[in-house]
Structure formats: structure tokens, C-alpha cells
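*Asks:* Predicted model and sequence follow; I will ask about them next.
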Amino acid sequence: MSDKELLEKDEIFSKVLRAGRRTYFFDVRGTKAGDYYLTITESKKFTHDDGSFHYKKHKIYLYKEDFNAFKDILEEMTEYIINQKGEEVISERHQKDFKKEYDNSNNQKEETTSSESFTDISFDDI
């Protein structure tokens with residue numbers, strides 16, 4: 001049996017979540033004993049200066065005996081985040097003007113600081 005046939009036999013059910021540069025793959029796979037387990041793969045695309053790119057992948061294997069505890073903790077953690085920070089995304093990547101707001105607040109501080117220490121010079125004095 002070829003590697004491709006073995007891989008196709010191993011994958012039972014799959015879903016894909018595309019999220020910007022990241023892609024998440026959820027795959028139900030089969031064990032040699034005929035049972036199922038879940039793999040969650042995060043694939044992130046990195047582009048080099050020359051235009052070429054590569055992917056970094058991280059994989060989690062989740063077995064049936066851990067499903068309930070995993071689900072409970074995932075639900076608790078996601079609820080905590082939503083309760084603490086709401087559903088609005090707060091990040092430089094998702095808010096195009098995030099950096100401008102940050103830069104403007106820094107520039108205002110710098111202008112205040114620099115104008116206080118600025119000495120008025122007339123070119124006639126030179």
C-alpha cells in the first residue's frame with residue numbers, strides 16, 4: 001500500500017478553518033486498532049524578502065479519553081477571554097489605524113516634551 005493510500009485510509013473526516021496567514025486543519029484519523037482520534041494542525045505561512053515562502057506547522061493529537069476535559073477547559077478559557085475583553089478584536093493586525101493611534105499618542109507626548117525643552121533660535125543670531 002502506498003503512502004498516499006495509507007494517508008487517505010487514515011483520514012476519516014476533515015474540516016479546514018482559514019484565518020489570515022494561519023490555517024487550522026481538524027482531522028479525524030483512525031488508529032491501527034480501528035478507533036478514532038483528532039489531530040489539530042496549525043499551519044502558518046511565512047514569506048521571505050525574495051517572495052518565496054514556507055509554512056510552519058504545529059500539531060496536537062487529541063484522544064477520546066481527553067475530549068471532555070479538553071472541551072471543558074477550552075470552553076472555560078474562551079468564555080474568560082470574551083468576558084474579560086469582549087468579542088471585539090484588539091490588535092494592530094486587525095485594526096488598520098491601531099498603529100496610527102499609538103503613534104499619534106506618542107507623537108503628542110514627544111511634541112509636548114520637545115516643545116518644553118526647545119530653545120527659540122533666530123537665524124539672524126548666527
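*Replies:* Now that the structure is in, tell me what you want to look at.
*Asks:* going forward, measure contacts between C-alpha atoms and count neighbours the same way
*Replies:* Will do.
*Asks:* Which parts of the protein are helices?
*Replies:* 3-10, 67-85, 98-116 (DSSP state H).
*Asks:* What mean pLDDT does the first one get?
*Replies:* In this model, helix 3-10 has an average pLDDT of 53.
*Asks:* cool, stretch 16-28 as well?
*Replies:* 94.
*Asks:* again, but for stretch 49-66
*Replies:* What stretch 49-66 shows for mean pLDDT is 92.
*Asks:* which residues does Thr41 bridge with?
*Replies:* Beta-bridge pairing of Thr41 under DSSP bridges involves Phe25, Lys59.
*Asks:* from memory it sits against Lys59, does it?
*Replies:* Yes: when contacts are counted by CA atoms under 8 Å, Thr41 is listed as touching Lys59 (4.3 Å).
*Asks:* more neighbours, the two?
*Replies:* Thr41 (17 against 13; other CA atoms under 10 Å).
*Asks:* I'd like the distance between the more buried one and Gly34.
*Replies:* From Thr41 over to Gly34 the distance is 22 Å, taken as CA to CA, to the nearest Å.
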